[in-house]
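> Below are the sequence and a predicted model; questions follow.
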Amino acid sequence: MPCFHPPLRRRALAVASSFLALPAFAQSTATTATTTIVITGNPLGRDELAQPTSVLSGDGLTVRRAGTLGETLDGLPGVSSTWFGPNASRPVIRGLDGDRVRMLDNGGASVDASNLSFDHAVAIDPLAVERIEVLRGPAALMYGGNATGGVVNSIDNRIPRAPLPAFAGRTEVRFGGAASERSGAAVLEGGAGAFAWHADGFKRRTDDLSVPLYTPIVDGEALAPTTRVRNSASDSQGGALGGSWVDDRGFFGASLDTYRNHYGTVAEPDVFIRMQRDRLAVAGERRGLGGWFPQLSLQASHTRYEHQEVEGSGEVGTTFKSRGNDLRIEAQHAAIGPISGAIGLQSETLQFSALGEEAFVPDTNTRSNALFMLETMKAGPLQLSAGLRREQVAVRSDGDAPGATEARFGSAEERRFAPSSASLGAVWPAGSGWQFTASLGHTERAPAYYELYANGLHVATAAFERGDTTLGVERSRNGEIGAAWTRGADSVKLNLFETRFSRFISLEATGAEIDGAPEYAFHAVRARMRGAELDGRWRIAEQPWTLDLTGGLDLVRGDNLDDGQPLPRVAPMRLRAGLEGGQGPWRAGVGLRHADAQDRVPANDTPTPGYTLVNLWLSWQTQIGPSDALWYLRLDNATNELAYNAASINTLRDLAPLPGRALSAGLRLRF
């Protein structure tokens with residue numbers, strides 16, 4: 001049972017009580033809520049998940065899309081972003097980031113270097129995505145210890161899984177925003193008999209980010225006040241081709257996609273990153289096989305990733321390369337009495353290399369193989385689940401290159417780990433629209449290659465980072481309880497959680513300086529993360545407009561139990577409130593997002609002031625010839641408030657505020 005510090009608990013309970021009281025006054029409707037089946041983390045294809053989830057798709061995703069996944073998801077319950085300017089913003093879930101949030105591409109590994117450094121972008125553009133699923137809390141059972149904080153799965157239809165009409169598609173154009181975005185995307189799909197095909201392409205260009213007037217701080221010195229974040233422009237493009245053979249018992253297909261992104265690094269005024277990722281994926285599923293395993297699914301991918309950090313002179317300073325392979329096989333077994341479930345195999349390899357003056361990690365090879373199982377059963381009204389996962393992980397460093405002028409990484413060596421994870425969950429549909437959930441879990445994560453072998457100046461963080469080759473697996477225990485109420489258009493969801501780490505691999509200042517930069521070292525500490533998430537929607541009017549009141553709260557508190565200090569880069573308590581209305585083809589909304597000041601920071605960090613942002617949007621749906629058209633307008637940060645992200649690394653926070661007031665517009669056509 002999660003336990004909270006008394007002041008934190010009182011604030012959470014007070015706000016929760018006010019929200020839970022609102023449904024009693026909300027107007028009831030006879031409309032039945034639509035069930036959304038969450039694909040991620042659920043190989044059984046059912047909607048009984050004890051884990052809290054968020055799903056963005058359709059018109060909601062279209063209006064919400066931003067330049068990065070982090071920006072697109074920021075503000076969902078429990079989700080913030082790293083915000084290294086507008087081009088490199090990775091999702092943070094419940095205060096955990098980096099190698100504790102698993103980024104997936106259609107359920108498979110998304111290979112890039114975004115977990116290595118805050119200035120490295122995620123190699124997935126939201127323009128190409130049809131649906132995003134977010135699992136909050138440990139999902140290590142299905143995806144390994146890298147999912148200790150949660151999972152973000154970006155889903156498209158590049159490998160069609162169902163029959164398609166002869167020809168269909170969508171196009172979208174977007175203009176404006178704080179970065180003066182000019183972007184467009186097109187998706188074309190079709191089918192002939194058992195064959196289905198998919199093609200897509202997108203392009204995005206932006207200028208330096210516009211923000212309220214502020215004074216940038218670089219290396220402790222104030223620069224001239226400005227309304228632009230320096231070196232934050234970008235130019236990206238990509239596309240894919242895919243096809244599959246589909247019938248009423250399954251599918252088998254393949255896709256090939258490419259992504260290019262050139263963007264400024266913000267931390268350095270004249271350095272930009274030239275990134276490219278190419279990915280070949282295959283996937284298939286067969287149902288109705290009979291015997292012990294009536295359903296089998298498979299997916300595999302090979303990814304080649306490279307990015308170069310280019311100086312203003314055009315000289316390439318550092319080149320990062322990754323080669324990744326991912327294989328996943330899942331088999332649903334026949335029911336054994338009241339028990340049904342699935343077993344699976346997952347295998348991944350990652351070859352990483354860094355060449356150049358800023359390479360602070362040696363060439364490494366990481367291999368991971370895992371077996372997992374998930375079983376469910378009905379016990380009266382309860383839906384019970386239990387799962388196990390066992391991994392074998394090997395991380396090898398090639399050490400210093402032959403003839404290296406400076407010995408930093410030592411000789412070649414390899415570390416081996418055997419992480420194990422287990423979970424128990426229960427879902428209780430209590431009637432009258434209520435559902436209660438509870439889960440317990442144990443998660444282990446093998447250290448990442450940079451946590452073991454880093455030894456050098458990391459320019460993006462302005463710190464000398466040092467790994468620890470003696471690190472063991474990161475271990476945590478977690479508990480969560482949840483309650484959800486739904487009646488027609490009205491709903492409330494509340495989750496309370498706590499995770500205790502007996503070994504939390506933390507990057508912390510040692511107090512020393514090397515080559516004029518502060519030294520930070522990876523080491524294991526005892527830590528605790530605990531918090532609450534509340535989300536609600538209430539229909540307050542049906543005529544002449546439907547009006548919905550929306551609101552939410554999330555808070556998380558992270559503590560280093562060894563030294564009593566707060567953990568770094570944890571978002572403060574955040575409140576959301578909004579009003580959404582619709583009549584016929586028109587929909588509109590206004591939303592307020594408030595973040596408290598974050599003054600619970602470790603000694604080497606600085607507090608972040610709070611802020612309140614006001615956002616407005618308007619959409620109109622109509623027909624243009626045979627196409628369904630959605631026009632939309634957004635006005636973000638209407639009051640032009642200067643705001644900073646507490647989840648950003650402190651060396652960049654004062655250099656890159658959140659976007660200022662900006663109007664954006666777009667058009668999406670479906671045909």
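Sure thing, it's come through. Numbers count the residues shown, from 1 in each chain.
> roughly how far apart are the residue in the chain sticking out farthest from the centre and Phe409?
With distances taken as Cα atoms, centre = their mean, the residue sitting farthest from the centre of the chain turns out to be Gly403, at 40.4 Å. With distances taken as Cβ to Cβ, to the nearest Å, Gly403 is found 14 Å from Phe409. Backbone N, C-alpha and C define where each C-beta goes, glycine included.
> what's the answer for Glu465, then?
For Glu465, the distance to Phe409 (Cβ to Cβ) stands at 13 Å.
> joint contacts of these two?
With contacts taken as Cβ atoms under 8 Å, 6 or more residues apart in numbering, Glu465 and Phe409 have Asn455 as neighbours in common.
> Show me what stretch 586-603 is in contact with.
75, 508, 550, 557, 560, 565-568, 570-582, 607-621, 643, 646, 650.
> Buried members of those into PyMOL, please.
Isolation of the buried members of these (16 or more other Cβ atoms under 10 Å) is achieved in PyMOL through the command below:
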select buried, resi 75+508+550+557+560+565+566+567+568+570+571+572+573+574+575+576+578+580+581+608+610+611+613+614+615+617+618+619+621+643+646+650
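> Mark which of the contacts of stretch 586-603 are part of helices, please.
When helices are assigned by DSSP state H, the members of these inside them are Asn650.
> Report whether Cys70 is found in a helix, as I expect.
Just to correct that, residue 70 is Gly rather than Cys. Yes: if the criterion is DSSP: H, G, I helix; E, B strand; the rest coil, then Gly70 is within a helix.
> what residues are up against Tyr143?
41, 102, 104, 151, 346 are the contacts of Tyr143 under Cβ under 8 Å, 6+ apart.
> so what's the backbone phi/psi at it?
Listed backbone geometry of Tyr143 is phi -130, psi 10, with angles given as degrees, to the nearest 10.
> From Ala113, how far out is it?
For Tyr143, the distance to Ala113 under the criterion Cβ to Cβ works out to 19 Å.
> Trp245 too?
Plainly put, Trp245 is 35 Å away from Ala113 if you go by Cβ to Cβ.
> Mind telling me what element the residue lying closest to Ala281 once chain neighbours are set aside is part of?
Closest residue to Ala281 apart from its sequence neighbours, by Cβ to Cβ, 6 or more residues apart in numbering: Ser301 at 4.2 Å. Under the criterion of DSSP states H and E, Ser301 resides in strand 295-310.
> before we move on, the earlier item: please say which of Trp245 and Ala113 ends up with more neighbours.
Between Trp245 and Ala113, counted using other Cβ atoms under 10 Å, the more crowded position is Ala113 (24 against 14).
> List phi and psi for the more buried one.
Dihedral angles of Ala113 (phi, psi; degrees, to the nearest 10) stand at phi -120, psi 20.
> Leaving out sequence neighbours, find the closest residue to it.
Skipping the residues right next to it in sequence, Ala113 comes nearest to His120 by Cβ to Cβ, 6+ apart, at 4.5 Å.
> just checking, next helix/strand downstream of the lowest-mean-pLDDT helix or strand in the chain?
Comparing every helix and strand of the chain by mean pLDDT, DSSP states H and E singles out helix 6-21 as the least confident one, with a mean of 39. Once helix 6-21 ends, the next helix or strand along the chain (criterion: DSSP H and E) is strand 53-57.
> What segments of the stretch 301-450 of the chain are strands?
Assigned by DSSP state E, counting those that start in this stretch, the strands in the stretch 301-450 of the chain fall at 316-336, 339-356, 364-379, 382-397, 413-417, 420-431, 434-445.
> Report the mean confidence score over the fourth one.
Right, the one you point to is strand 382-397. The average of the pLDDT scores along strand 382-397 is 95.
> which strands and helices sit next to that strand?
Counting contacts by 3 or more Cβ pairs under 8 Å, 6 or more residues apart in numbering; DSSP states H and E, strand 382-397 packs against helix 140-143, strand 364-379, strand 413-417, strand 420-431, helix 449-453.
> what about the strands of the stretch 301-450 of the chain, which gets the closest to Gly291?
Of all the strands of the stretch 301-450 of the chain, strand 316-336 sits nearest to Gly291, with 7.2 Å by Cβ to Cβ.
> Pull out the buried positions in that closest one.
Residues 317-328, 330-333 are the ones in strand 316-336 that count as buried (16+ other Cβ under 10 Å).
> Same question for stretch 415-435.
If you call a residue buried by 16+ other Cβ under 10 Å, then stretch 415-435 has these buried ones: 415, 417, 419-423, 425-428, 433, 435.
> Can I get the residues you listed in CSV including pLDDT?
As requested, the buried residues of stretch 415-435 are arranged in CSV below (pLDDT from 0 to 100):
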residue, pLDDT
Arg415, 97
Phe417, 97
Pro419, 96
Ser420, 96
Ser421, 95
Ala422, 95
Ser423, 94
Gly425, 94
Ala426, 95
Val427, 95
Trp428, 95
Gly433, 94
Gln435, 95
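> Quickly check these for the two that are furthest apart.
Farthest-apart pair in the buried residues of stretch 415-435 is Arg415 and Gly433; separation 50.7 Å (Cβ to Cβ).
> Identify, from the contacts of Tyr143, the entry nearest to Thr639.
Lowest distance from Thr639 to the contacts of Tyr143 (Cβ to Cβ) belongs to Val151, with 34.6 Å.
> Counting neighbours, what do you get for the closest one?
The local packing of Val151 (other Cβ under 10 Å) involves 27 other residues.
> looking at it, it is touching Arg100, isn't it?
No: counting by Cβ atoms under 8 Å, Arg100 is not a contact partner of Val151; they are 10.6 Å apart.
> and the end-to-end length of stretch 403-411?
12 Å (Cα to Cα, to the nearest Å).
> in that stretch, what's buried?
Quick answer for stretch 403-411 (16+ other Cβ under 10 Å): Phe409.
> swap in stretch 473-493?
473-476, 478-487, 489-493.
> wait, isn't Arg158 in contact with Asp257?
Yes: checked against Cβ under 8 Å, the pair Arg158 and Asp257 is within contact range at 6.3 Å.
> what do the two both touch?
Shared between the contact lists of Arg158 and Asp257 (criterion: Cβ under 8 Å, 6+ apart) are residues 240, 242, 281.
> picking that back up, okay, the residue nearest to Ala281 and Lys321: tell me how far apart.
Computed with Cβ to Cβ, the distance linking Ser301 and Lys321 is 17 Å.
> just the strands in the stretch 151-300 of the chain please.
According to DSSP E, counting those that start in this stretch, the strands that the stretch 151-300 of the chain contains are 168-176, 181-192, 195-206, 210-214, 217-218, 221-222, 226-228, 234-247, 250-264, 272-286, 295-310.
> do the same with the stretch 501-650 of the chain
With DSSP E, counting those that start in this stretch as the definition, the stretch 501-650 of the chain shows strands at residue ranges 517-541, 546-560, 574-583, 586-595, 611-624, 627-636.
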